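Visitor: below is the sequence, then the predicted model.
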Amino acid sequence: MAPELRDAKNIVRSTSHTNPESVAVVGGSAAGLFTASLLARQGISVRVFERIETLKPDERTLIVTNRMRALLGRAAEKSVVNEIRRFELFTDGRSATISLKRPDLIIERRTLIQGLAEEAQQAGATVELGRRFHALHSNGRGMVLEIDRCIDGSREEVHADTIVGGDGASSRVAQAAGWTPLETVPLVQAIVSLPKDMSPDTARVWFVPQDTPYFYWLIPESATRGALGIIGETGPETRSHLEKFLEKRKLEPLEFQAARIPVYKRWVPVHRRVGQGSVYLVGDAAGQVKVTTVGGIVTGFRGALGVAQQILHGVSSELRTLRRELDLHLLLRRSLHDFQQADYTQLVDLLNDPAKQSLAEYSRDEAWKILWRVCLSQPRLALLGLRGLLSRRGSANQTGF
Ligand SMILES: Cc1cc2nc3c(=O)[nH]c(=O)nc-3n(C[C@H](O)[C@H](O)[C@H](O)COP(=O)(O)OP(=O)(O)OC[C@H]3O[C@@H](n4cnc5c(N)ncnc54)[C@H](O)[C@@H]3O)c2cc1C
C-alpha cells in the first residue's frame, strides 16, 4: 500500500493529545471534504458548510499526478476520465517528448467532489449545502460561526471547538481569523475538440514567454476533447491571449472554465488560536499550490492530511514535507519566471535522454528527486536555472517572486 494511503487510513486519534469534540469545515470542495472524511473516520463530529446549493460544483478538467491515487484510494477512481503517458514540450519551433513511467490522471472535478462528499458522509460527517460562512467569534468555550442560509439569508449560530477553512483562494475564514489575503493569478482554459494529429494519451505544453511567464497546455480528456489553458498575470489579458492562441491553432472553444488561483510566495502557517478555539486552513485557502504549474489538487489533499494529523496528534510530518515541496517549487518558479524565448529553446535542447528519464520517472509532486537527478544527468540545465535565478534579483520587486 502506498505510504500516503496508509497514512490516511491509519491516522488515529492520539491518546496523549486532547482532540476537539466538534469540527466545522467551511467549504465542501476537494480539500475541505477530504479533511472532513479523515476526521469523521476517527469519530470526531464534523459538519461541512458549503455555500453552493447542490452538490454540482462547476465542471473542470484537471490534470494531476498519480499521487492522487495514493492519497485518496477508491474515492479517486470515479473521477478519472483519461490517463496521460507522454508530454510534448514546444518552444519556438523546437520540441521534446517526455514519456511518463506512471501516467498522469485527467480528472473531472465535479465527479471528484461528489465522490469525496459521499465518503465524508459515509464516515459520519454531515454536509450542509446552501450555507455561507459569514463570521466567527470566540465564546469562551470554543468558537461560534455565523452561517447564512443562501436561500433566505437567515442566519444561524453554530458552535465548534475547531474550524477548518477549505473555502478557496479568497477564504473568508482566513480573513475572519486574521490571516493576510493571498495573491492570486487568473487561470483560464477552453474545452476544445482534440486536433486530429493528437493522441489522447499525450499532453502538450507550449512555452511562449511573450504571452505568459507560465505556459499554455492542451490536455486530452477523451479521444475527442481536450482542455487548452493558460495561466496569466492579469485576467482580461490572459483571456485575450488564450483566444488568440485558439484562433492561431484553428481550435473552436466549446466552453470556458476559469478562476483565480493563489500564488505561493511563502509558507502560510496553517493554524491560529482564536480565543479558546483553533482555526486551520487547507488547500487553496492556505495557498497550497505548486507555483511552477499552479496545480493545487494533490498539494491541497496533502495539506488536508497534514491538518487532520495536527488536529488528531498535535504534530504533522506531512505539513513539514509539503512545506519543503512547495518551497522548492517556488525556487524553480523564481529561476523560470524571467526566461526568454532563447532560454526555453536552450532548455528544450538540453533535455538529453538521462534528463528526460529522470523527468519520466518522478512526478511533479516529487520535485526534489527530479531536480537532483536532472542536475546529475545534465548539469548545464542546473546552470541555466541558476542563471535565471540570479537574473531575477533585479526584477524580483516588479513581479514579486
Ligand atoms: C480552470 C482551472 C483549471 C485548473 N487545473 C488544475 C489542474 O489541472 N491540476 C491541479 O492540480 N489544479 C488545477 N487547478 C487548481 C485547483 O482546481 C485548485 O487548486 C483546487 O480546486 C482547490 O481546491 P480547494 O478545495 O482548496 O478550494 P476550492 O475548490 O476553491 O473550493 C472552495 C469551496 O469553498 C466554498 N466556499 C467559498 N466561500 C465560502 C463561504 N463563505 N462559505 C461556505 N463555502 C464557501 C466554495 O463554494 C468551494 O466549494 C485549476 C483551477 C482552475 C480554475
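Guide: Nice, thanks for sending it over.
Visitor: what about the closest residue to the ligand within the stretch 101-250 of the chain, which SS state?
Guide: Going by CB to the nearest ligand atom, the ligand is nearest to Gly168 of the stretch 101-250 of the chain, at 3.0 Å. C-beta here means a position set from N, CA and C on the backbone, and glycine is covered the same way. Put simply, Gly168 is coil when judged by DSSP: H, G, I helix; E, B strand; the rest coil.
Visitor: what pLDDT does the closest residue in space to it that isn't next to it in sequence get?
Guide: Setting aside the residues directly before and after it, Gly168 is nearest to Asp284 in space (CB to CB, 6 or more residues apart in numbering), at 4.8 Å. Listed pLDDT for Asp284 reads 98.
Visitor: surely Asp284 is within a helix?
Guide: Yes. Judged by three-state DSSP, Asp284 forms part of a helix.
Visitor: so how far is Gly166 from it?
Guide: Asp284 sits 8 Å away from Gly166, going by CB to CB, to the nearest Å.
Visitor: anything in contact with each of these two?
Guide: Residues touching both Asp284 and Gly166 by CB atoms under 8 Å, 6 or more residues apart in numbering: Ala31.
Visitor: the strand or helix carrying Ile261: what's the following helix or strand?
Guide: Per DSSP states H and E, Ile261 falls inside strand 253-262. Proceeding N to C from strand 253-262, the next assigned helix or strand is strand 271-274, under DSSP H and E.
Visitor: give the other helices and strands that that next one contacts.
Guide: Applying 3 or more CB pairs under 8 Å, 6 or more residues apart in numbering; DSSP states H and E, one finds that strand 271-274 contacts strand 277-281.
Visitor: which ones are touching the residue nearest to Gly168?
Guide: Contact analysis of Asp284 by CB under 8 Å, 6+ apart lists 31, 168-169, 171, 261-262, 296, 300.
Visitor: what about the helices in this structure?
Guide: Along the chain, counting by DSSP state H, helices occupy 3-10, 30-40, 67-72, 74-77, 109-122, 172-177, 235-248, 297-313, 317-336, 341-350, 353-361, 367-377, 379-399.
Visitor: give me the average confidence score over the third one.
Guide: This predicted structure assigns helix 67-72 an average pLDDT of 93.
Visitor: what helices or strands is that helix leaning on?
Guide: Where contact means 3+ CB pairs under 8 Å, 6+ apart, helix 67-72 is packed against helix 3-10, helix 74-77, strand 94-108, helix 297-313.
Visitor: buried deepest among these, which one?
Guide: helix 297-313 (a mean of 26; mean count of other CB atoms under 10 Å).
Visitor: go ahead and confirm Gly296 touches Ala286.
Guide: No. Using CB atoms under 8 Å, Gly296 is not in contact with Ala286; the gap is 10.0 Å.
Visitor: higher neighbour count, these two?
Guide: The neighbour comparison of Gly296 against Ala286 (other CB atoms under 10 Å) goes to Ala286, with 33 against 27.
Visitor: for the closest residue to that one other than its chain neighbours, give me its contacts.
Guide: Closest residue to Ala286 in three dimensions, ignoring its sequence neighbours and counting by CB to CB, 6+ apart: Val268, at 4.8 Å. Residues near Val268 by CB under 8 Å, 6+ apart: 179, 182, 281, 286-288.
Visitor: returning to what we had before: nearest to the ligand, of the helices and strands packed on helix 67-72?
Guide: Of all these, helix 297-313 comes closest under CB to the nearest ligand atom, at 3.5 Å.
Visitor: give me the helices and strands touching that closest one, please.
Guide: Where contact means 3+ CB pairs under 8 Å, 6+ apart, helix 297-313 is packed against helix 3-10, helix 30-40, strand 61-64, helix 67-72, strand 162-165, strand 277-281, helix 317-336.
Visitor: is the fifth one anywhere near the ligand?
Guide: Put plainly, it is strand 162-165. No. Using CB under 6 Å from any ligand atom, we find that strand 162-165 stays clear of the ligand, coming within 8.7 Å at best.
Visitor: what's next to that strand, contact-wise?
Guide: 20, 22-27, 32, 35-36, 136, 142-143, 145, 171-174, 177, 274, 277-282, 285-286, 307, 311.
Visitor: go again with 6 Å.
Guide: Strand 162-165 is contacted by residues 20, 23-26, 35, 171, 173-174, 278-282, 285 when judged by CB atoms under 6 Å, 6 or more residues apart in numbering.
Visitor: what's across from the closest residue to Glu243 other than its chain neighbours in the sheet?
Guide: The shortest distance from Glu243 to any non-neighbouring residue, by CB to CB, 6+ apart, is to Pro253 (7.8 Å). Note on Pro253: beta-bridge partners Val192, judged by DSSP bridges.
Visitor: surely Pro253 is in contact with Val188?
Guide: No. If you go by CB atoms under 6 Å, Pro253 and Val188 don't touch, sitting 10.1 Å apart.
Visitor: the two - which one has more neighbours?
Guide: Between Pro253 and Val188, counting by other CB under 10 Å, Val188 is the more crowded of the two (20 against 15).
Visitor: from Thr18, how far out is that one?
Guide: Using CB to CB, Val188 is found at 46 Å from Thr18.
Visitor: the ligand contacts on the stretch 1-150 of the chain?
Guide: So the stretch 1-150 of the chain meets the ligand at 26-32, 49-52, 57, 60, 62-64, 132-133 (CB under 6 Å from any ligand atom).
Visitor: hmm, 8 Å instead?
Guide: Neighbours of the ligand within the stretch 1-150 of the chain, by CB under 8 Å from any ligand atom: 26-33, 49-52, 57, 60-64, 109, 113, 131-134, 147.
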